[in-house]
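>>> I would like to see how this sequence folds:
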Amino acid sequence: RDEACELRKSLWRREEEARKAGETTADDLQRAQAQLASAVSRSHWQALQAVKRLARAHGVPGVHGMLIELFTCDSKFNTAVEVSAGNQLFNIVVDDDATAARLVQLLQNEG
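Numbering: from 1, shown residues only. Down below sits the predicted model:
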């Protein structure tokens with residue numbers, strides 16, 4: 001009985017640690033998204049979010065997200081990447097032209 005009680009306590013502790021880690025990760029994600037959103041105009045950000053939402057809602061395969069979300073680099077290169085790529089970092093990466101055309105069609109149908 002004592003072993004079962006200790007096991008239960010141990011599992012509760014692990015569950016609480018996992019919950020806290022999940023909250024921290026969610027907070028980090030929210031801060032990163034806010035920072036990302038502040039880098040482009042509001043209308044551009046809304047359009048990007050609409051594309052991602054429509055791709056999920058309609059199950060459009062081959063949509064990978066914004067270029068900036070798809071790679072990492074050493075922080076010493078951030079300025080060089082930002083200067084050379086500019087707003088192209090916020091382009092949505094897709095597998096092919098057909099996928100891009102499907103997203104444009106979905107956006108037009110919604111608007």
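
>>> what is the burial count for Phe90?
When counting by other C-beta atoms under 10 Å, one arrives at 18 neighbours for Phe90. C-betas here are computed from N, CA, C, even on glycine.

>>> ok, His58 next?
12.

>>> roughly how far apart are it and Asn109?
With distances taken as C-beta to C-beta, to the nearest Å, His58 is found 10 Å from Asn109.

>>> again with Arg1
Separation of Arg1 from Asn109 (C-beta to C-beta): 63 Å.

>>> which of these two has more neighbours?
Asn109 (8 against 5).

>>> that one belongs to a strand?
No: counting by DSSP: H, G, I helix; E, B strand; the rest coil, Asn109 falls outside a strand, being helix.

>>> ok, now how distant is it from Leu54?
9 Å.

>>> just the pLDDT for Pro61.
Pro61 is assigned 96 on the pLDDT scale.

>>> what do you get for the one 5 residues further on?
Confidence per residue is given as pLDDT, and for Met66 that number is 92.

>>> let me see the mean pLDDT of stretch 70-82.
Mean pLDDT, computed over stretch 70-82, is 91.

>>> and that stretch, how far apart are its ends?
14 Å (C-alpha to C-alpha, to the nearest Å).

>>> show me what counts as buried in that stretch.
By 16 or more other C-beta atoms under 10 Å, stretch 70-82 has no buried positions at all.

>>> do a quick rundown of the strands in this protein.
Counting by DSSP state E, one finds strands in the chain at the ranges 63-66, 92-94.

>>> quick one, which of the ones you listed gets closest to Ala85.
Proximity to Ala85 (C-beta to C-beta) singles out strand 63-66 among these, at 11.4 Å.

>>> quick one: which of the strands of the chain is nearest Ala37?
strand 63-66 (11.1 Å).

>>> strands paired with the closest one, and their directions?
Sheet pairing here is set by DSSP bridges, and for strand 63-66 it gives strand 92-94 (antiparallel).
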